[in-house]
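>>> Give me a model of this one.
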Amino acid sequence: MATDPWGIKVNRVEVKNILPPRDIRDAMERQMRAEREKREKILLAEGEKQSAILVSEGKKASMILDADGLKQSTILKAQGDAESLRQMKTAEAEGIKMIREAEAKGLEDLKRAQADQPVLTLRYYEALSKIASGESTKIIIPSQLENIANIATTVAEVIKDPKKKEENKK
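Here you go, the predicted model:
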């Protein structure tokens, strides 16, 4: 024991009611209350911090997913537009090819039929008569008759518009 070197032997210790003075007890209570309030505020602050972090991470994840979705949507739309354009151009090319093949077949048929210049000229005049029977007021004829057609068109326009009549005189 702690008292043995002094030659004292302690058999029993009793603690009597020890009450510190009132002001010390008040101080101790205030200190305990302050410690509890401090721990409470720290725990509340930690909780709010964790809550704010989790909310922020949730918003971040949401924005990332929204952006990724928009990116995927844009990519898929562009791919769809590209495929649509590719199919339209392929159809256009096939149409042009069919027209060229029909023209080539028509020329081959003409060669086989041995159509000569008078037959072709007759067909040309038939086509011109169909054009002339339309509702248009001006007809331009791209052939050897072009000069006559130009003169006829000019005369017709001069008769209709007196200003052009004066311009032609100049």
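>>> Let me know the distance separating Ala67 from Ala132.
65 Å (CB to CB, to the nearest Å). For glycine as for every other residue, the C-beta is placed from the backbone atoms N, C-alpha and C.
>>> likewise Leu107?
26 Å.
>>> go on, Met63?
70 Å.
>>> And for Leu44?
Counting by CB to CB, the gap from Leu44 to Ala132 is 97 Å.
>>> Equivalent analysis for Glu103, please.
For Glu103, the distance to Ala132 - CB to CB - is 24 Å.
>>> do the same with Arg112
Taken as CB to CB, the span from Arg112 to Ala132 is 31 Å.
>>> Kindly report the same for Ser56.
Taking CB to CB, one finds Ser56 at 80 Å from Ala132.
>>> Also Asp66?
For Asp66 relative to Ala132 (CB to CB), the value is 66 Å.
>>> repeat for Leu70
The gap separating Leu70 from Ala132 is 60 Å, by CB to CB.
>>> just Leu19 next, same as before
132 Å.
>>> repeat for Lys41
Between Lys41 and Ala132 the distance is 101 Å, computed by CB to CB.
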